[in-house]
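> quick one: sequence plus predicted model below, questions after.
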Amino acid sequence: MGTDDRVESASRGRRESYEEKLDRNWNDLLQELRVMQTGAQIITAFLMTLPFQSRFEDLDAFQRTYYVVLLAFSALLSGLITTPVAIHRRMFGKHVKATTVAHGHRIVRIAVVCVGLMVSACVGFIVDVMSTPLVAVLVGGGVTAVIVFLLVVFPSLVRPESSEPTGADPGSGDD
């Protein structure tokens, strides 16, 4: 492959072909999915064990309904997180990596928000079992507000830094 086949990425000065960029983006998406999948699987496993605990019988009708919704949501989230892999398997060898990466990107964006909502809902459920519905709403609502800020608002506020090298180590705290 000649150097004419390579394009320079404006953000980091990379010289990579379009296909190399797609491969890198796909690998980045897979790494993000691995991180989310681990958290989602741990929460799902936790939820799946609850009915086998002795205190589960003490839950009222609302808490049982809340639990069933959480369990179904976590199972569906596990399916959502594996969807990009299923798309990749379906499209493998068809030379449509751009389509696979685009769909994977959309799904990861949705999954990030869903993981945050699931964590918030689990906190609300646990606090409801441990305390009162009012405390559960306050704590769960507070956690939800922080999660929404961290996963939706804050990322939209982040702006790229200059791509010019400053000579400072990015992790050194020299800002």
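Yep, it's here. On a predicted model such as this, the values are computed, not experimentally measured, just so you know. Numbering: from 1, shown residues only.
> hey, which helix or strand in the chain has the poorest pLDDT?
strand 7-8 (a mean of 49; mean pLDDT, DSSP states H and E).
> after that strand, next one along is what?
Note on strand 7-8: by DSSP states H and E, the next helix or strand toward the C-terminus is strand 15-16.
> any buried residues in the longest helix along the chain, and which?
Scanning the chain for the longest helix, with DSSP state H as the assignment, gives helix 97-130. For helix 97-130, burial by neighbour count (16 or more other C-beta atoms under 10 Å) applies to 97, 100-101, 103-104, 107-108, 111-112, 114-125, 127-129. Every C-beta, even on glycine, is put in place using the N, C-alpha and C of the backbone.
> cool, stretch 139-158 as well?
The neighbour-count check on stretch 139-158 (16+ other C-beta under 10 Å) flags Val139, Gly140, Val143, Thr144, Ile147, Leu151 as buried.
> residues in contact with the most centrally placed residue in the chain?
What sits nearest the mean C-alpha location of the chain, by C-alpha atoms, centre = their mean, is Val112, with 2.8 Å. Taking C-beta atoms under 8 Å, 6 or more residues apart in numbering, we find Val112 in contact with Glu32, Met36, Leu151.
> kindly report the same for Ser54.
The neighbourhood of Ser54, defined by C-beta under 8 Å, 6+ apart, contains no residues.
> also Trp26?
His88, Lys97, Thr100, Val101, Gly104.
> returning to what we had before: identify, from the buried residues of stretch 139-158, the entry nearest to Glu57.
Of all the buried residues of stretch 139-158, Glu57 sits closest to Gly140, with 23.1 Å by C-beta to C-beta.
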